[in-house]
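# pasting a predicted model and its sequence here:
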Amino acid sequence: MPELFLMRHAKAKRGHADMTDHQRPLNRRGHRQAAAMALALQRGNALAGEIHVSSARRTRETLEGMAAQLPDEPLTERIAFHDALYTFDRQALLEWLRECPAEVERVLIIGHNPALVELARWLCRAAPESLPTGGMLHLSLPEVPWQALGKHSATQVDSLVPAEASHALFKRQAPKAPNLDKVSLGQRIPGLLSHRYRLVRALEPGVIAGLDPEFLHQYRVNLRRSRAIGESVLATTEVPGMKKGLKRLKRRAQATSDLRDLDVFLESLTQTPPPLTERLRRDLSDWLSAQAQERHALLCRQLGDSDYAEDMRRWEDFLASKGLRKALRGLKPARVEAVLDERIALHNGDLAALSADSDDAAFHELRKTVKRIRYLAELDPARHRAFLAGLKRRQSLLGDLQDLCTRQAWIRAFIDATGEAPERQQACADWLAALEAEKQTLRQEIIALEPL
């Protein structure tokens, strides 16, 4: 099937008296948008066919910004610039498109609104009503010559905007945290939970796009922090209906665990190359990437499932309910302090019980206890600012140990899945031993920690 990719130029500077519209360059944000979209267009095969670009400076710079991110992609050899694509008229753009030769199967146009979005909606009834700067639409066309393209004859395959491709760009428009410094504890908790909910929903498109692992990380963090806040509340007071909601959040967060671990492991391979041959490193990276793609596809299916939408709707309704606010109305800082003291005592006992012979599970449980302490203290951050700062190194050590354990598990899974060649087995065994030595060093540092 013929394919059409329509991309709007990235964000440009405003014009002024000494500059024509045609001469407007990208601004700083536009350069970031172009860079963010490069990998997305490459993965979606938008760059595999003919590339046609408006002759305007801002469209040229959009293409150049993407090309700079893809040095192995010979884009400059296949680009055609056209004065005819410097148009804001849908009909003019359609007439240009209809001149494409019949043998052309894939076309990318980098141009301007409103021509692009109006053409998309003329070709495809389901196309969005807007196309932000740097945004891209992918349409599948009918098996007819380009000159025979008809109204509403296309199907939308995909759409993407820079804020879904780059978490750094997303943060500019992400829901802003409310100012809860001067409100009561009973008001702060619903405010915190509602903000986390809004972030989770806003992050979903970036998670589905799968181009920047930071989306998944923040999505997972906000789900887990929501659950941790809720569990901290339940440890201090009874809140009808909260336990069921937290159970649903836990299930959704658990669906991200393997994928997040794989993302972290893959990133570590580039930052700190393992003691393996180049061939074995490539094989490991390819295998881990395949595992990540499989789990990402599964997660995307879950996010699109009606059960997920229902879980999110119920949680949103619960956060807005009068019952939650009524249950929290009487919650006092003294009660939080009492539970915090209990958890600190439990942590100190578990820490004292650790030894060089303790298994990994004992250290993992200690890590979870520290996180519970942190989230409980964060219910009243002004009161516990110094205490929270002191927890950072402790939590970092325990987190690093958990990462090493996870890495070892994936290495063993790789060995089991890819054969038993002696040299492969030995190289991985040596690496596992080196990781075990790192773990032992971290274990000793953790055991030596002072009680809280």
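Received, thanks. Residues are numbered from 1 along each chain as shown.
# count the neighbours of residue 131 for me.
23 (other CB atoms under 10 Å). C-beta here means a position set from N, CA and C on the backbone, and glycine is covered the same way.
# isn't it up against residue 113?
Yes. Shown here, residue 131 and residue 113 form a contact pair, counting by CB atoms under 8 Å, at 5.9 Å.
# joint contacts of these two?
With CB atoms under 8 Å, 6 or more residues apart in numbering applied, the overlap between the contact sets of residue 131 and residue 113 consists of residue 8.
# okay, domains of this protein per the record?
Using automatic domain parsing, the domain parsing of the chain gives 3-165, 174-328, 332-452.
# now the strands for the stretch 151-300 of the chain?
Per DSSP state E, counting those that start in this stretch, the stretch 151-300 of the chain carries strands over the ranges 155-160.
# just how off-centre is the one helix or strand residue 398 maps to within its chain?
If you go by DSSP states H and E, residue 398 is part of helix 385-417. Relative to its chain's centre, helix 385-417 lies at 20 Å (CA atoms, centre = their mean, to the nearest Å).
# do stretch 212-224 as well
Here the centre of stretch 212-224 is set off from its chain's centre by 6 Å, with CA atoms, centre = their mean.
# try stretch 200-207
7 Å.
# check which residues of that stretch are buried.
Across stretch 200-207, burial judged by 16 or more other CB atoms under 10 Å covers 200, 202-207.
# pLDDT on the helix holding residue 398, on average?
For helix 385-417, mean pLDDT is 93.
# which elements pack onto that helix?
Counting by 3 or more CB pairs under 8 Å, 6 or more residues apart in numbering; DSSP states H and E, the packing neighbours recorded for helix 385-417 are helix 257-271, helix 278-303, helix 360-377, helix 422-447.
# helix or strand right after the second one?
Put plainly, it is helix 278-303. helix 306-319.
# quick one: low-confidence parts of the stretch 201-350 of the chain?
For the stretch 201-350 of the chain, no stretch is flagged by pLDDT under 70.
# apply 90 and report the result again.
Low-confidence segments of the stretch 201-350 of the chain (pLDDT under 90): 232, 235-236, 270-275, 329-333, 336.
# quick one, what contacts the residue sitting nearest the centre point of the chain?
Nearest residue to the geometric centre of the chain (CA atoms, centre = their mean): residue 215, 1.4 Å. By CB under 8 Å, 6+ apart, the contact set of residue 215 is 167, 170, 203, 206-207, 209.
# in stretch 19-29, what's buried?
Neighbour-count burial for stretch 19-29 flags 24, 26-27, 29 (criterion: 16+ other CB under 10 Å).
# now render those residues as JSON lines, adding distance to residue 176 and secondary structure.
Formatted as JSON lines, those follow (distance: CB to CB, whole Å; DSSP: H, G, I helix; E, B strand; the rest coil):
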{"residue": "24", "distance to residue 176": "30", "secondary structure": "coil"}
{"residue": "26", "distance to residue 176": "26", "secondary structure": "strand"}
{"residue": "27", "distance to residue 176": "23", "secondary structure": "coil"}
{"residue": "29", "distance to residue 176": "18", "secondary structure": "helix"}
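# what's the closest of the residues you listed to residue 227?
Nearest to residue 227 among the buried residues of stretch 19-29 is residue 29, at 34.5 Å by CB to CB.
# measure the closest residue to that closest one other than its chain neighbours to residue 76 for me?
Of all residues not flanking residue 29 in the chain, residue 11 sits nearest, at 4.7 Å (CB to CB, 6 or more residues apart in numbering). Residue 11 is 23 Å from residue 76, where distance means CB to CB, to the nearest Å.
# quick one: which of the two has more around it?
Comparing residue 11 with residue 76 by other CB under 10 Å, the one with more neighbours is residue 11, at 20 against 10.
# contact partners for that one?
Residue 11 makes contacts with 26-27, 29-30, 33, 133-134, as judged by CB under 8 Å, 6+ apart.
# what does it show for phi and psi?
Main-chain dihedrals, residue 11, degrees, to the nearest 10: phi -60, psi 130.
# quick check, residue 198 in contact with residue 176.
No. Applying CB under 8 Å, one finds residue 198 not in contact with residue 176, separated by 9.4 Å.
# who has more neighbours out of those two?
Using other CB under 10 Å, the more surrounded residue of residue 198 and residue 176 is residue 198, with 18 against 8.
# got the contact list for that one?
Listed by CB under 8 Å, 6+ apart, the contact partners of residue 198 are residue 175.
# kindly report the same for the one 3 residues further on.
Residues counted as contacts of residue 201 (CB under 8 Å, 6+ apart) are residue 312.
# how near is it to residue 322?
Residue 201 sits at a distance of 22 Å from residue 322 (criterion: CB to CB).
# about what we covered before: mind putting the helices and strands packed on helix 385-417 into TSV with mean neighbour count and distance to residue 401?
Output for those, formatted as TSV (neighbours: other CB atoms under 10 Å; distance: least, CB to CB, whole Å):
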stretch	mean neighbour count	distance to residue 401
helix 257-271	16	14
helix 278-303	15	21
helix 360-377	18	6
helix 422-447	14	5
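# which of those sits closest to residue 45?
For residue 45, the closest of the helices and strands packed on helix 385-417 is helix 278-303, at 15.9 Å, according to CB to CB.
# tell me what angle the closest one forms with helix 422-447.
Computed by axes from the mean of the first three to the mean of the last three CA atoms, to 10 degrees, the angle separating helix 278-303 from helix 422-447 equals 70 degrees.
# mind giving me the packing neighbours of helix 278-303?
helix 185-209, helix 257-271, helix 385-417, helix 422-447.
# much appreciated, bye for now.
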